[in-house]
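>>> structure of the sequence below:
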Amino acid sequence: MRASLYRVLSERGHDATSLDPWYFPSDTAYREVLEKAGFKVESIGLFPRMTYLSNGLKPWLAVFTRQSMLSEMSDTEAEEILEEVVKECEVDMKDERGRWCLMYVRLRFRAIKPAN
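Predicted coordinates for the structure are as follows:
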């Protein structure tokens, strides 16, 4: 989905990287961030799970992109971008029963900041 969004934005002359507000660090990278901030990481990991989008991909995408990545675009252009991304993602993001699903990955950690 993110790759499709980047492709569609790029084809329309937008710099997708500069518009992207999302940050998806690996557990190793985030461990480093925490440790540099003085935390002692007791546990950290990525936990993937399938998430079903009951209203489909387009409303979900609109919630997470319209006020960020697509905020500078007209309603018409934003709608066209969403439609194109949804059409491209359908083959990979719909299950055998026609339900839209998204692989959601949660980063969980337990970190303690020693009192000094």
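
>>> residue 69 in helix, strand or coil?
coil (DSSP: H, G, I helix; E, B strand; the rest coil).

>>> quick check, central residue of the protein?
residue 22 (6.0 Å; Cα atoms, centre = their mean).

>>> next one, pLDDT for the spatially closest residue to that one that is not a sequence neighbour please.
Using Cβ to Cβ, 6 or more residues apart in numbering and skipping the chain neighbours, the partner closest in space to residue 22 is residue 2 (7.5 Å). All C-beta spots, glycine's among them, are computed from the backbone N, C-alpha and C. Looking at residue 2, its pLDDT stands at 93.

>>> can we start the residue count at 600 from this point?
New numbering, starting at 600: the last item is residue 601.

>>> quick check: residue 653 is in a helix.
No - under three-state DSSP, residue 653 falls outside any helix and is assigned coil.

>>> and it, how many neighbours does it have?
9 (other Cβ atoms under 10 Å).
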